[in-house]
Structure formats: C-alpha cells, structure tokens
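# kindly return the folded structure for what I paste below:
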Amino acid sequence: MENPISITGATIHQGNVAILENVNLQVSEGEFVYLIGKTGSGKSSLLKTLYGELPLLSGTASVAGFKLQTLLSADIPFLRRKLGIVFQDFQLLTDRNVLENLLFVLQATGWKKKDAMLNRCKIVLEKVGLQTKDFKIPAELSGGEQQRLVIARALLNDPKVLLADEPTGNLDPALSDEIMVLLREIAKEGTAILMATHDYRLIQKFGGSIYKLQENTLQLVKDTGLIA
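This next block holds a predicted model:
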C-alpha cells in the first residue's frame, strides 16, 4: 500500500527557480514528520507543492493517492478534499462564527445534507475542545482557540494527510504545547502529519521524524543535536 505522502527524485520550484533538488520523502500512516530549516530554505514551497499550489515539474510524488506530476488544475480541489491544511495565520472568515466557518468549508467541498454537515461540525469541534464556542466569531477566540478551529476545519473531510505550516508560530509555549498534544492525538488515529516549524523546543519535547532543508536539499536528521 502506497504511503500517504511519497516523493521520489523531485525538484521543488518557486516560479522558474529550483528551491530544492532530488527530494525524497516517505511519510506513512500515523507518522509525524517535522520539516526544519532557515527562512527561505523551501519549507513552505514544499508544502505548497504537496497541496497543489505549486506544480511539480520533475520527479514523482503522490499525496493521498493523487499523482502530483500529472495533476491537472481541475483535480486540485479534489486533492485538497483529501488533505487537512493548517496555516500559521489562521485564514478564518472573520465575519462568520465558528460553526459558519466550518459549514462554509463543507459546502465548498460538496456536502449537501444539512444534518450530516452539522453532525460533522459537532464531531470535529468536540475533538478540538471547542464544542461550547460554536456561536463565537474568531475575534472572540484566543489565539490558541483560533488555531484549534483551524485544526477542526482541517479535519472536516477526515483527511489521511495533514500539512501544517508553522502552526504554533503565533502562540506562546503553553498554547504551542496544547496544539502539539492535539496534533499528536490526530496522528495516533492514523493521519500522516508533515509540519514545518522553527520551534525546536517542541521537537525535543514531543519527538518525531526530522527532515532538515539545507543547501537546496532535504536530509533526514538522525541526531537531534543537529537540528539547530
């Protein structure tokens, strides 16, 4: 059975510039993988390639069963329905409450039955501990609660892959730990998680596989002393 994330010999481009070369990465079900590296090293570009924002021009890769090297623009919405994507800057709809933010995503991804949609929202809100906040707008939530809502949104379509780009970047250490505990629980249920981060404290505390982006390459870090 193919891994939820599989990349072989890929070159990651930002426009016409090759950011990363000969990228090889395998992430299995339930595995938690960190991407580390300096700003501009290619972490976000790699994630954007995986969710179809940047095209894969060379090499092979598959994400949640979609082959990126032959991915058509018309296929990108279907790919993203199989993924959970967590951004640092939340990207919530500020004029809608918690429940409406989630319902908007379900409607946009093809859900039709209102009862089923409401039930799915209830399930993901309970998973992230926001079941009593469904009537609040994002501005009424703390930073940690907003990130929990972003994670709930990412879980709506029961993804096999969750991509997280600096999900704790705007949070203090205590809230960062809460988000990490939640993400680790999600991984234990079988979701493959690939997380870009600068927060090495979290890696030391929670563990996982570590890949470092350096000098246009992606390298597995086996010694945690090398992550700095």
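
# these two touch, right, L68 and L57?
No: taking contacts as Cβ atoms under 8 Å, L68 lies outside contact range of L57: 10.0 Å. C-beta coordinates here come from the backbone N, C-alpha and C atoms, glycine included.

# the two - which one has more neighbours?
L68 (23 against 14; other Cβ atoms under 10 Å).

# which ones are touching the more buried one?
T49, L50, G52, P55, L56, T60, A61, S62 (Cβ atoms under 8 Å, 6 or more residues apart in numbering).

# longest helix of this structure?
As assigned by DSSP state H, the longest helix anywhere in the chain is helix 173-188.

# list the buried ones in that helix?
Using 16 or more other Cβ atoms under 10 Å as the test for burial, helix 173-188 gives L175, S176, D177, E178, I179, M180, L182, L183, I186, A187.

# where's the spatially most central residue of the chain, which helix or strand?
By Cα atoms, centre = their mean, the chain has its centre lying nearest to L163, at 1.7 Å. Remark: L163 resides in strand 161-165, with elements defined by DSSP states H and E.

# okay, now the sheet partners of that strand, with direction.
strand 83-87 (parallel), strand 192-196 (parallel) (DSSP bridges).

# ok, the residue of the chain most remote from its centre to K122 distance?
Largest separation from the mean C-alpha position in the chain: D115, at 27.3 Å (Cα atoms, centre = their mean). Look at D115 and K122: by Cβ to Cβ, to the nearest Å, they are 11 Å apart.

# then L99?
Applying Cβ to Cβ to L99 and K122 gives a distance of 9 Å.

# find the residue closest to L71 in space, skipping its chain neighbours.
G52 (6.1 Å; Cβ to Cβ, 6 or more residues apart in numbering).
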